[in-house]
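Novice: for reference, the sequence and a predicted model appear below.
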Amino acid sequence: MLNTRETPLTSATGKAGLRILISSRDAGSLRDLQCVCQRMPGLEVSTRLVSNGHVDPLYGLDRMPDLLLLRVSHLWREELSALLQRPAHERPAMLVCGLLGEQEGMRLAMQAGARDVLPEPFADAELVAALNRLVAEVRLGNGNEGKLVAVISAKGGSGGTLVACNLAQQLSARSGNTLLLDMDLQFGSVTHYLDVAQSHSHLEVLQQVEDMDSVALRGFCSHFSPTLHVLGGRAGELCLPQDAQPEQLDALLQLARTSYDWIVVDLPRQIDHLTGSVLEQVDRVYVVVQQSVSHLRDASALVRILREDLGVRGDQLQIVVNRYDKSAAVSLKDIGEALRCPNISKLPNDFNLVSQSQNTGVPLGLHAPKAAITAALRDLTEDLVGHQMAAGKGLLKRAFNRFFGG
């Protein structure tokens, strides 16, 4: 008899939507595996207790899972052979555990499509790590990786951190789980903007990222809300650029893409190996400017570097005019012509309201949801969510390597 029980999970701390089926002939093992999987964010868990009958763990399913966790029994040859008889495209990504014959069992499991094999006994941490690798592989294979958004000020005081923090909050409320990453290693302020205590710093995460999985990353972040996590500097900690390596940041961004729907990075106003590592992978770049000749001059230089030296495409680049004043000497038309960028958004000038939001650590979407500047930020978010972003990172990576001599 084949018994299947579904336990859907809706997690607030991870990307949802992947369905995992746990199949076993042993009820106790099934419960243990289910307990581990239910602690992992972003999985919809169903179980199948096989008492007798068919040895194929997928037999009779109306809907195939995205992942299969198969705990093989003494009939492991028959179970794996049954899977092997299915066409490859009908087999979900699979993790096999249990008591297997050493060489023959491993060989047959791999032939059946297992991405990994965990011989018993194994620790829960080993299972979690293997499942995280499997989840990451499936999501990347499906093109279901999180979108990377960078915000950079054209000139100091333009309002880049304001845009990054409020955009992250809007995305987390509108479109899924979001990580806000502060890449200003020395003077970052996103934790102050959102009034969260940072018990672990971004430097600490970067130095340990090779040994981390999605669960560990979320544990190192501060949680503004269940869907908005923050990673920035820790008070009193001095970070130097040489303390973090681009390879570490690349690994962090890749892990974040498999763990969150959106990653918003508040970049410092500089181009170096760390900001370049973000820009070479980015899906959208927001350059924040204000309406003055000095802002426009610096913005022109920054946009030229992004386009010509780093290869950022036109559809990836958007200008945000903060503190917009229609009577200012520098108009939107002037900015568009000088920067050769038709994608321009404007945020109205509401100094008092923005100051209150920053001083209280409450984003504008919560502090003043009906204000004009909040509506403008909401429009910015809606445009981002609705925009179909293309890839094309190979050319950008080559341009970046040429620029820095890599």
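Specialist: Cool, the structure landed. What you see is a predicted model, and the numbers here were worked out from it, not measured in a lab.

Novice: can I get the CA coordinates of stretch 283-291 in CSV?
Specialist: C-alpha atoms of stretch 283-291 as CSV (Å, rounded to 0.1, in the frame of the first residue of the first chain):
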residue,chain,number,x,y,z
ASP,A,283,20.4,42.9,-12.7
ARG,A,284,19.6,46.5,-12.2
VAL,A,285,21.7,49.6,-11.1
TYR,A,286,20.1,52.7,-9.6
VAL,A,287,22.2,55.8,-9.8
VAL,A,288,20.9,58.4,-7.4
VAL,A,289,21.4,62.1,-8.3
GLN,A,290,20.2,65.5,-7.3
GLN,A,291,19.5,68.6,-9.5
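
Novice: now do it: distance to the chain's middle.
Specialist: Computed by CA atoms, centre = their mean, to the nearest Å, the chain-centroid distance of stretch 283-291 equals 21 Å.

Novice: what average pLDDT does that stretch get?
Specialist: The average pLDDT within stretch 283-291 is 95.

Novice: ranges for the strands of this structure?
Specialist: Taking DSSP state E as the test, the strands found in the chain are 2-7, 18-24, 43-50, 67-72, 93-98, 114-119, 147-153, 178-182, 222-225, 228-231, 262-267, 284-289, 317-324, 344-348.

Novice: would you single out the least confident of these?
Specialist: Minimum mean pLDDT among the strands of the chain: strand 2-7, a mean of 44.

Novice: where does the protein dip in pLDDT?
Specialist: 1-17, 101-102, 140-144, 241, 387-406 (pLDDT under 70).

Novice: can you list the domain ranges for it.
Specialist: By the assignment in automatic domain parsing, the chain contains the domains 2-141, 147-404.

Novice: just these: most buried one?
Specialist: Neighbour counts (mean count of other CB atoms under 10 Å) averaged over each of these peak at domain 147-404, with a mean of 19. No exception for glycine: its C-beta is placed from N, CA and C like everyone else's.

Novice: gap between that one and the chain center?
Specialist: Taking CA atoms, centre = their mean, one finds domain 147-404 lying 14 Å from the centre of the chain it belongs to.

Novice: coming back round to it: could the strands of the chain go into JSON lines alongside distance to Gly311?
Specialist: Formatted as JSON lines, the strands of the chain follow (distance: least, CB to CB, whole Å):
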{"stretch": "strand 2-7", "distance to Gly311": "46"}
{"stretch": "strand 18-24", "distance to Gly311": "33"}
{"stretch": "strand 43-50", "distance to Gly311": "37"}
{"stretch": "strand 67-72", "distance to Gly311": "36"}
{"stretch": "strand 93-98", "distance to Gly311": "33"}
{"stretch": "strand 114-119", "distance to Gly311": "34"}
{"stretch": "strand 147-153", "distance to Gly311": "14"}
{"stretch": "strand 178-182", "distance to Gly311": "22"}
{"stretch": "strand 222-225", "distance to Gly311": "33"}
{"stretch": "strand 228-231", "distance to Gly311": "27"}
{"stretch": "strand 262-267", "distance to Gly311": "17"}
{"stretch": "strand 284-289", "distance to Gly311": "11"}
{"stretch": "strand 317-324", "distance to Gly311": "11"}
{"stretch": "strand 344-348", "distance to Gly311": "21"}
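
Novice: what sits against Leu33?
Specialist: Contact partners of Leu33, counting by CB atoms under 8 Å, 6 or more residues apart in numbering, are 22, 24, 69, 71, 97, 127.

Novice: among those, which pair sits farthest apart?
Specialist: Largest separation among these by CB to CB: Ser24 and Leu127, giving 13.2 Å.

Novice: relative to Trp262, how far out is Asp213?
Specialist: Asp213 sits 19 Å away from Trp262, going by CB to CB, to the nearest Å.

Novice: over to Ala82?
Specialist: 41 Å.

Novice: now do Leu317
Specialist: Distance from Leu317 to Trp262, counting by CB to CB: 18 Å.

Novice: before we move on, what about Met94?
Specialist: Remark: distance between Met94 and Trp262 (CB to CB) = 29 Å.

Novice: cool, and Asn322?
Specialist: From Asn322 to Trp262 the distance is 21 Å (CB to CB).

Novice: and His202, by the same measure?
Specialist: 17 Å.

Novice: cool, and Ala338?
Specialist: 30 Å.

Novice: so Ser277 sits against Gln254, correct?
Specialist: No: counting by CB atoms under 8 Å, Ser277 stays clear of Gln254, with 10.8 Å between them.

Novice: surely Cys221 meets Leu231?
Specialist: Yes: counting by CB under 8 Å, Leu231 is a contact partner of Cys221 at 5.0 Å.

Novice: all helices for the stretch 151-300 of the chain, in order.
Specialist: Secondary structure of the stretch 151-300 of the chain (DSSP state H, counting those that start in this stretch): helices at 160-174, 190-193, 202-208, 214-220, 246-259, 273-279, 293-304.

Novice: for the stretch 1-150 of the chain, same thing?
Specialist: Using DSSP H, counting those that start in this stretch, helices in the stretch 1-150 of the chain cover 27-38, 76-84, 102-111, 124-141.
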